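>>> whatever this is, show me its structure:
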Amino acid sequence: MPVSRETRPLDDQERRLVARHFSGARGELRGLLKFHWGAAGVLVASVVVFTGRLTLVPLSVLLPVAALPPTIGLLVDYIQARRQHAERTRRALGRWVTPFRSGLVDVLQISATKALRIVDGDEVLWVLDCGGSLACVWDDVETATGDVVIVLASQSSHVVSIDWSGNAIPVQKGPFLAAQHRRPEQGEILDGTLDDVLALLQQPVPPGLPPEAESVWRTLASTDFFRFCLKAQERPAPTNHSVMDWLTIVDRAATTDAERLAEQGPWAILQDFAQQLEHEGVRLELGPENSVHVNVLGNPPTSLAWPEGVRWNLAVDLLTRNANRWLTDAASKERLIHVGSAEDLCFVLITWDLINSMDESHAFESPHLRALRDAYLDLVGVPHHAS
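Predicted coordinates:
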């Protein structure tokens, strides 16, 4: 078969891939030990030889005294090296939390006859022709070969390894991905030929839309509106021009009751944004007593929980302030804002550029867009009349 997929446990070789991230730190630690023990040996020998000629002090006294300074230095540097090693380990594990959480991987075996190479910014997308189907591989190799094995964390797009083998295959230079095209997932399989790639990557339009709604959908395809789009195909698209309904369809908005948010903790709303935030580099997990554990790669892990007896307005402020700090640390342009009343509170994940793009499209009712714009300006501390 040109493309096959199987799920299996991680093997020892794949687990050793993680150890490669730590080898540099371990090497420094081994070098440190060798240096200090060598220096200690030279120092002890020198002291013993020198003092042995000048005094009759027995070796049982000389050796502990001579070994004390290098031993203290060794312990101090050893503790520092261990701290550096622990920090490197923590950062490296940030990339491997998902694969090792389940202990399973999906193995995708691909046999291709030709390829299309698409450059998207600093990344390279290989679209491999497998005879009736196309396999998408993100990898910055210079040439493509006929056999590819991709090992992914089970039920995710996190790469454990990519192995290219076999003979080189013909490669076509592909077009650039435009705003109306989505980025395929690692290992995603498309039905079609290389000539159909751009059409296959066009942002989806749900079937059966009225012409007016379809026009809105296609207008939004030229913006960053579909950045997450986790379940858009599973939901009926709105037939009106309510910006909040459209934002909900593409998983950029979620509603809750403010009192429920205060009583049930931050996870009451963050669970609706967990996948979107992870896409931006912020990983969330439910902790004890309705707290939320947060991991932004390259930063120490943190957590968020409400103080006892928190009022809903403080809960909303804590949520947006912390969520936007995480997004800033992850170098994301997305921001979490809120609009509406306490009984119908709506949180929206959005960018300033997207608000302007939706406004310029003239596809939505202006009061709703104005509310989003005002909420965003409140977040960044800009007076509304400055817009």
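>>> I'd guessed L220 sits against S361; true?
Yes. Counting by CB atoms under 8 Å, L220 does reach S361; the two are 7.2 Å apart. Every residue, glycine included, has its C-beta placed from N, CA and C.
>>> what residues does the residue nearest the centre of the chain make contact with?
Nearest to the mean C-alpha position of the chain, by CA atoms, centre = their mean, lies G281 at 3.4 Å. Contacts were defined as CB atoms under 8 Å, 6 or more residues apart in numbering; by that measure G281 touches 296-297, 330-332.
>>> most neighbours of all these, which one?
Of all those, the highest neighbour tally under other CB atoms under 10 Å goes to V296, namely 22 neighbours.
>>> distance of it relative to V159?
To V159, V296 is 20 Å away according to CB to CB, to the nearest Å.
>>> before we move on, the earlier item: more crowded one of L220 and S361?
L220 (22 against 15).
>>> so how far is R182 from the more buried one?
Counting by CB to CB, the separation of L220 from R182 is 12 Å.
>>> could I get the pLDDT score of A330?
In this prediction, A330 carries a pLDDT score of 86.
>>> which ones are touching it?
Counting by CB under 8 Å, 6+ apart, A330 touches 280-282, 296-297.
>>> likewise Q271?
Q271 sits in contact with L286, where contact means CB under 8 Å, 6+ apart.
>>> need the phi and psi values for it.
Dihedral pair for Q271: phi -60, psi -30, per degrees, to the nearest 10.
>>> thinking again about what came up before, which of the contacts of A330 sit farthest apart?
Farthest apart among the contacts of A330 by CB to CB are E280 and L297. That separation is 10.9 Å.
>>> so what's F347 bridging to?
Beta-bridge partners for F347, by DSSP bridges, are A254, H338.
>>> count the residues that sit near it.
24.
>>> what of the one 5 residues further on?
Other residues within reach of W352, judged by other CB under 10 Å, total 15.
>>> tell me how far it lies from Y376.
Between W352 and Y376 the distance is 6 Å, computed by CB to CB.
>>> can you list residues touching both of those two?
With CB under 8 Å, 6+ apart as the test, W352 and Y376 both reach R335.
>>> so what's V107 up against?
Taking CB under 8 Å, 6+ apart, we find V107 in contact with 5-8, 149-152.
>>> try it again at 7 Å.
Neighbouring residues of V107 by CB atoms under 7 Å, 6 or more residues apart in numbering: 5-6, 8, 149, 151.
>>> looking at those, which are in strands?
5-6, 8, 149, 151 (DSSP state E).
>>> what number of residues lie near N324?
Neighbours of N324 under the rule other CB under 10 Å: 17.
>>> phi, psi for the closest residue to it other than its chain neighbours please.
Leaving out its chain neighbours, the residue that sits closest to N324 by CB to CB, 6 or more residues apart in numbering is R335, at 5.4 Å. Phi and psi for R335, reported as degrees, to the nearest 10, are phi -140, psi 150.
>>> isn't R335 right next to W326, touching?
No. In this structure R335 lies outside contact range of W326 using CB atoms under 7 Å: 10.8 Å.
>>> who has more neighbours, the two?
More crowded of R335 and W326, by other CB under 10 Å: W326, with 22 against 19.
>>> name the helices or strands packed onto the helix or strand the more buried one falls within?
Per DSSP states H and E: W326 is located in helix 312-329. Helix 312-329 sits against helix 258-264, strand 292-296, strand 335-340, with contacts defined as 3 or more CB pairs under 7 Å, 6 or more residues apart in numbering; DSSP states H and E.
>>> so which bits of stretch 289-303 are buried?
Across stretch 289-303, burial judged by 16 or more other CB atoms under 10 Å covers 291-292, 294-297, 299.
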